[in-house]
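Peer 1: Got a predicted structure plus its sequence, pasted below:
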Amino acid sequence: MASVTKLGKRAAVLAGGALATTLVLTGCAGGGSSSNLNGLIVGTSDSIVSLDPAGSYDTGSFVVQNQVFPFLMNTPSGSPDVKPDIATKGTFTNPTTYTVTLKKGLEFANGHKLTSSDVKFSFDREVKINNANGPQSLLANMKSISTPNATTVVFHLNHADQTWPQVLSSPAGPIVDEQVFSATKLTPASKIVSGDAFAGQYKITSYKQNDLIQYARNDKYDGVLGKAKTDQVTAQYFTKETDLKLAVQKGDVDVAYRSFTPTDVTNLAKKKDLKVTYGPGGELRYVVFNFNTQPFGATTSEKDPAKALAVRKAVADVVDRNALAKQVYDNTYTPAYSMVPDGLTGATTPFKTLYGDGNGGPDVQKAKKTLADAGVTGKVTLNIQYAPDHYGEASDDEYALLKTQLENSGLFDVNIQSTLYTTYSAERVKDAYPEYQLGWFPDFSDADNYLSPFFTKDNFVQNHYDDPTIQKLIAQEQAESDKTKRADIIGQAQQREAEQISTLPLLQGKQVAVASKDVKGLVLDPSFKFRYGTLTK
């Protein structure tokens, strides 16, 4: 760890994936029959950044990785609570030492033995590779790993962390084959697939990134999820949400998961041969302020921290979340007044009381006073970037309405620009965007997973927010075993961030999947993991 740049305690999953390429196979984005595809067919408009776990931290990639890689700890279907997966047990032997015992006789699909050496290799390589789009910030509390024998893994932590078992089930947790994967750089998908380097419920038999993936059941998987119920699954990737809707409506795919427009969900729910399944929420939509390049930011010619904060506060005063939820998303999303969604232990609503009318609505006069008191004169120019190919076509309407709200206040001139995510994901971490859209789909259902990814030092968001107070609060809540005390600390952290506004939460949503009536075993649970292994038809 000392030899690499340490990121924050956690990193933000960017809901979705990179740009999905145009599908050329029969039954894909262009329509037509999919009868030539094998097994149960799953469709998605998400996309994949990398099959290698060290090179991705996004929902589209993680869905694939969940099917084919094992974890030390995992969430059984229907539960948010982790249990040993390819392990027999995992325990804190002291506050900063977590010991995992592997099952004996574990193998990858290629016949290579899976031992503690592979486990240590998997975590160490993520930290060493330190990819800009990787999940290594989840491992910032990992001081070192020791392997006393082939079935024992000991994690030595920098400080006490009650969420560590959950971290082992997160995007940082897939166990890979050290005989196939590189220790120092990302491994190409072609090598992973040809090496049959899988030990999850499924193995991949054919892989065309953001096009089509064919899976076959891996009978060597020996974990908490049990054997996959369907022998073969094909995943198809669609460039547009409307194409995904048409595919499930016509029966070209059996299950469609992520993402639909609100109108599509309403229409599909009326189809007699389809069923819409909803799962617990957790997805957030929010705006990030780059503390260097936003108006009056640290690297601008007019740098002024007080004025920069006033701009952020004024934006928070003007935004009308209820209008965004209703007019754009037909209330399939609800207003979010904290980065910790409603329903999680410790969740509060500081943005509701601190800004606008104090009850969730906008207040332009308050925004004017905030700017005037800080000495900000004239209209403030905001340059907001967003990525509709990544966060859904409704982003166009969402950011158009956000622009209207801000400009109608008379306080802002707003330039909005959309960018393809392949460019967006690289440029946003290079300070190219003063204000920009991000989405979040959680690693696990704990409030910490909505705090440490964004607000620890050098966090995944990489917007130059660095506040020792909130960092201290996050470290305290991670170490606190008393639930009541921990919830109070989590509340303090939310209040602190809301006072400074590193990120501006807008909306929180639900999980939604649509399937034909003959599909069984579709589960959307608080683990926020979509698994093919429970599906049958």
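Peer 2: On my side now, so go ahead. What you see is a predicted model, and the numbers here were worked out from it, not measured in a lab.
Peer 1: Just list what the host helix or strand of residue 509 packs against, helices and strands only.
Peer 2: Taking DSSP states H and E as the definition, residue 509 sits inside strand 503-516. Judged by 3 or more Cβ pairs under 8 Å, 6 or more residues apart in numbering; DSSP states H and E, strand 503-516 is in contact with helix 241-250, strand 255-257, helix 262-268, strand 274-289, helix 305-318, strand 333-335. For glycine as for every other residue, the C-beta is placed from the backbone atoms N, C-alpha and C.
Peer 1: highest average neighbour count across those?
Peer 2: strand 255-257 (a mean of 27; mean count of other Cβ atoms under 10 Å).
Peer 1: residues in contact with that one?
Peer 2: When contacts are defined by Cβ atoms under 8 Å, 6 or more residues apart in numbering, strand 255-257 is touched by residues 40-44, 46, 63, 244-245, 247-248, 512-516, 519, 522, 530, 535.
Peer 1: do the same with stretch 346-359
Peer 2: In contact with stretch 346-359 (Cβ under 8 Å, 6+ apart) are residues 313, 316-319, 336-338, 340-342, 360, 362-363, 366, 447, 477, 486-491, 494-495, 497-499, 504-505.
Peer 1: how about that stretch: buried residues?
Peer 2: Of all the residues in stretch 346-359, those buried under the rule 16 or more other Cβ atoms under 10 Å are 346-352, 354-356.
Peer 1: The residues you listed in helices, which ones?
Peer 2: Counting by DSSP state H, the part of these found in helices is 350-352, 354.
Peer 1: from the residues you listed, which is closest to residue 56?
Peer 2: residue 351 (30.0 Å; Cβ to Cβ).
Peer 1: What distance do you get for that closest one to residue 137?
Peer 2: For residue 351, the distance to residue 137 (Cβ to Cβ, to the nearest Å) stands at 24 Å.
Peer 1: Check residue 410 too.
Peer 2: In this structure, residue 410 and residue 137 are 40 Å apart, going by Cβ to Cβ.
Peer 1: who's more crowded, those two?
Peer 2: residue 137 (26 against 11; other Cβ atoms under 10 Å).
Peer 1: hang on, the earlier thing: could the helices and strands packed on strand 503-516 be laid out in CSV, adding distance to residue 230?
Peer 2: Below are the helices and strands packed on strand 503-516 laid out as CSV (distance: least, Cβ to Cβ, whole Å):
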stretch, distance to residue 230
helix 241-250, 17
strand 255-257, 11
helix 262-268, 23
strand 274-289, 17
helix 305-318, 47
strand 333-335, 32
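Peer 1: among those, which is nearest residue 55?
Peer 2: Nearest to residue 55, of these and by Cβ to Cβ, is strand 274-289 at 21.7 Å.
Peer 1: Output the closest one as PDB, restricted to C-alpha atoms.
Peer 2: In PDB, the C-alpha atoms belonging to strand 274-289 read as follows (Å, rounded to 0.1, in the frame of the first residue of the first chain):
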ATOM      1  CA  LEU A 274     -44.900  -9.800 -19.000                       C
ATOM      2  CA  LYS A 275     -44.300  -9.100 -15.300                       C
ATOM      3  CA  VAL A 276     -42.500  -6.200 -13.800                       C
ATOM      4  CA  THR A 277     -40.400  -6.900 -10.700                       C
ATOM      5  CA  TYR A 278     -39.300  -4.100  -8.300                       C
ATOM      6  CA  GLY A 279     -36.500  -4.400  -5.800                       C
ATOM      7  CA  PRO A 280     -35.300  -2.300  -2.900                       C
ATOM      8  CA  GLY A 281     -33.900   1.100  -3.900                       C
ATOM      9  CA  GLY A 282     -30.300   2.300  -3.400                       C
ATOM     10  CA  GLU A 283     -29.500   3.900  -6.700                       C
ATOM     11  CA  LEU A 284     -28.600   7.600  -6.500                       C
ATOM     12  CA  ARG A 285     -28.400  10.300  -9.100                       C
ATOM     13  CA  TYR A 286     -26.300  13.300  -8.100                       C
ATOM     14  CA  VAL A 287     -24.200  16.200  -9.300                       C
ATOM     15  CA  VAL A 288     -20.500  16.500  -8.500                       C
ATOM     16  CA  PHE A 289     -18.700  19.800  -8.000                       C
END
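Peer 1: and the residue nearest to residue 266 when sequence neighbours are not counted, how many residues sit next to it?
Peer 2: Distance criterion Cβ to Cβ, 6 or more residues apart in numbering; nearest residue to residue 266, sequence neighbours excluded, is residue 330 at 6.6 Å. The tally of other residues near residue 330 (other Cβ under 10 Å) stands at 14.
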